[in-house]
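Student: coordinates only, sequence not included:
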């Protein structure tokens, strides 16, 4: 499963980017930390962050890899004008 590492990395980057975006949308102010009954911080929209992470895992880490493999099979991988033309 060589794609699993790339997919997990993509999910991590996407999730971190969304959490950072949520923080900046809050004008950089860290609100008082509210916790749920499970002790999890609820000041971030974790459902949104998880959705972005899942998108990163399945699209950027999986589907996009398949698309680019098809491009490589169709157009080749050498950086020459013969491949382009």
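Tutor: Great, that's in hand. Computed from a predicted structure; not experimentally measured.
Student: just give the closest residue to residue 3, not the sequence neighbours.
Tutor: Leaving aside its chain neighbours, residue 3 sits nearest to residue 65 (5.7 Å; criterion: CB to CB, 6 or more residues apart in numbering). Glycine gets a C-beta too; all of them are placed from N, C-alpha and C.
Student: what ranges do the helices span in the protein?
Tutor: 2-25, 46-55, 64-75, 81-84 (DSSP state H).
Student: what's the burial count for the residue nearest to residue 3?
Tutor: Number of residues near residue 65 (other CB atoms under 10 Å) recorded here: 16.
Student: least trustworthy helix or strand in the protein by mean pLDDT?
Tutor: helix 81-84 (a mean of 56; mean pLDDT, DSSP states H and E).
Student: okay, now the unreliable bits of this protein?
Tutor: For the chain, residues meeting the criterion pLDDT under 70 lie at 1, 27-42, 79-85.
Student: residue 49 and residue 17, how far apart?
Tutor: Distance of residue 49 to residue 17, computed by CB to CB, to the nearest Å: 9 Å.
Student: more neighbours, those two?
Tutor: Using other CB under 10 Å, the more surrounded residue of residue 49 and residue 17 is residue 49, with 18 against 14.
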